[in-house]
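Asks: Here is the input, now give the coordinates:
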Amino acid sequence: MTINTYSTRISGGSWSGLGQILILFILLVIVLQTLGLSPTGQIAEPPTALRTYGFVIDNQTSGYYFNYVSINGDAQPPALTTVPPQGNDRFEVTAKFPNDTSATVYYNISDSNQRNIGQLSFTMSVYVGINTRFDAITTDAPIRFSEGYYYQANQLIVRNI
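Replies: As a prediction, this is how the structure comes out:
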């Protein structure tokens with residue numbers, strides 16, 4: 001019984017059939033991992049590209065304080081527990097491409113005497129890991145809001161009525 005070995009010249013070097021098979025096997029493992037399949041055939045958690053997108057709450061009111069209550073979703077709590085008049089705070093929402101992600105924030109709004117005058121809630125959404133916007137903005141306080149863009153972040157601008 002004879003074993004034939006084949007070799008191919010590639011840019012001055014030679015590859016044996018075994019070397020080519022090894023390279024192809026490594027590429028196969030990489031492709032399977034990328035598709036979320038493990039070498040054992042089990043379906044793994046789908047891969048996601050993680051990135052964060054900025055969202056800014058901008059309190060442009062005169063005399064209203066935004067007191068943080070809670071957050072639900074794919075973001076960390078804000079740096080400030082109270083956003084004073086003419087102040088702002090920033091949130092980072094984690095995007096998980098290709099999935100949609102969001103975080104909903106709740107604030108109590110108080111006047112300069114610390115009397116509660118209402119609530120504000122909003123959802124910061126990232127669609128398909130790339131498109132961002134504010135959704136479901138609700139309030140019962142005497143404020144109005146608009147949206148803008150501020151230092152590479154979506155901005156929710158809140159003003160007195």
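Asks: What strand or helix carries residue 105?
Replies: For residue 105, the host element (DSSP states H and E) is strand 101-110.
Asks: Now do that strand: which elements does it pack against?
Replies: Contacts defined by 3 or more CB pairs under 8 Å, 6 or more residues apart in numbering; DSSP states H and E place strand 101-110 against strand 65-73, strand 88-97, strand 116-127, strand 131-139. (C-beta placed from N, C-alpha, C; glycine too.)
Asks: try it again with 6 Å
Replies: Strand 101-110 is packed against strand 65-73, strand 116-127, with contacts defined by 3 or more CB pairs under 6 Å, 6 or more residues apart in numbering; DSSP states H and E.
Asks: Return the list of strands paired to it, each annotated with direction.
Replies: For strand 101-110, the pairing partners within the sheet under DSSP bridges are strand 65-73 (antiparallel), strand 116-127 (antiparallel).
Asks: what about residue 104, neighbour count?
Replies: Using other CB atoms under 10 Å, residue 104 has 16 other residues around it.
Asks: Contacts only, for it.
Replies: By CB atoms under 6 Å, 6 or more residues apart in numbering, the contact set of residue 104 is 72-73, 123.
Asks: Could you list everything it pairs with in the sheet?
Replies: residue 72, residue 123.
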